[in-house]
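Engineer: starting from these lines, generate the structure:
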Amino acid sequence: MAPYVDVELRAQIVGMRKAGVSIRGSSNATHVAKSTVLGIINQYNQRGHCKNNNKPGQKSILDDNNCAVLDAYLVDHRQATLAELLDTIPKCVAPKKPYLRPVNFARCWEFSHKLHLWNPHQWGHFICTNECSFELGKKSDQVRVWKTPNKKYNLPNLQVNHQSGRHSIMIWACFVGSTKGQLDAAAFIEQVYNPALLPFFNQLANAPYIQGRQNNAMMEDGAPIHTACLSNEWCQENAIAKLPWPAPSLDLNLIENIWRKMKSRVIKHYNPHTIAKFRAAIFGAWNDLPAQFLEELLFKMHD
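Structural biologist: Prediction:
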């Protein structure tokens, strides 16, 4: 196999051979070893082109995006060490988001363009609602520990799972401004909208950020249960407006930030082993949420 030689030089050697130049003459003219010239000509006769084989060695683990990030950093940090690169440009897990076609992307951009200048007071008029599944024994965060060699399976270094079977509880909740609604097990219009959402919506006259029931709207994602005809009819009958979401779109519902915080708190502060304790822990985590945390979410939307 001929060694790696530039494609243009390979083509020049093949062209010289076709013109009747000897192997020695081609070698002298191109400053390429005679054995390499002979190998290039033999490869051309076998394959009919002058391209090189794939480069030898390990395949690069950097894709085009990684290379672009690295190039941009090295423009201003020419003398950075490998350790500094690893500390500055960490390799993270890519977040999963729905695929957006160009038409969906345009709708999402138009939607965000209308809302990006809203202040926290305006966001505080939207009732954020959603449901979430809490699974017993499932850790929402990756647990890391400090350990010495050969101590991997020592009890303090283990993440213990209780063999309680696979049990989950579907929870529905809502909040507006810094006011939390009732946490309830979800099964929708008869078990969520009527007993939980409507009473909460009717008692907002004295809530922070709120100036009467008529100034508020509801923020839900595009799940089928939220866009169903029965759900829309119920909202119309009860004079509850909805914030329209483009479909599909990135979920900007503020309550998504609460679910992650609650799941982490359930494990760290309660660590339940039974369904009864698990349910009590979920309600405890909801009641423990401070009003300041809810207000911070509103300001983050503005930022």
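
Engineer: where along the stretch 201-303 of the chain do the helices fall?
Structural biologist: 224-227, 229-237, 255-265, 275-288, 291-302 (DSSP state H, counting those that start in this stretch).

Engineer: and the stretch 1-150 of the chain, by the same measure?
Structural biologist: Using DSSP H, counting those that start in this stretch, helices in the stretch 1-150 of the chain cover 7-18, 23-30, 34-47, 64-76, 82-88, 102-115, 120-123.

Engineer: what sits up against the third one?
Structural biologist: By that I understand helix 34-47. 1-3, 5, 10, 13-14, 17, 23-24, 26-27, 30, 32, 50 (Cβ atoms under 8 Å, 6 or more residues apart in numbering). In this view, the C-beta of every residue, glycine as well, is placed from N, C-alpha and C.

Engineer: out of the helices of the stretch 201-303 of the chain, which is closest to Pro246?
Structural biologist: Nearest to Pro246 among the helices of the stretch 201-303 of the chain is helix 224-227; the distance by Cβ to Cβ comes to 12.3 Å.

Engineer: helices or strands next to that closest one in the packing?
Structural biologist: Packed against helix 224-227 by the contact rule (3 or more Cβ pairs under 8 Å, 6 or more residues apart in numbering; DSSP states H and E) you find no helix or strand.

Engineer: now that helix: how far from the chain's centre is it?
Structural biologist: 23 Å (Cα atoms, centre = their mean, to the nearest Å).

Engineer: also stretch 68-81?
Structural biologist: The answer for stretch 68-81 is 26 Å, by Cα atoms, centre = their mean.

Engineer: got a list of contacts for it?
Structural biologist: Residues from elsewhere that reach stretch 68-81 (Cβ under 8 Å, 6+ apart): 62, 84-85, 88-89.

Engineer: quick one: mean pLDDT for it?
Structural biologist: For stretch 68-81, mean pLDDT is 82.

Engineer: do the same with stretch 168-185
Structural biologist: Rounded mean pLDDT across stretch 168-185 is 79.

Engineer: and what of stretch 134-151?
Structural biologist: 72.

Engineer: walk me through the domains of this protein.
Structural biologist: Domain assignment for the chain by automatic domain parsing gives 7-47, 102-302.

Engineer: dump those domains to CSV, plus distance to Ala68.
Structural biologist: CSV is the format used below for the domains of the chain (distance: least, Cβ to Cβ, whole Å):
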stretch, distance to Ala68
domain 7-47, 25
domain 102-302, 21
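
Engineer: now do the contacts for Cys50.
Structural biologist: 7, 10-11, 14, 40, 44.

Engineer: and if you look at Gln122?
Structural biologist: Gln122 neighbours (Cβ under 8 Å, 6+ apart): none.
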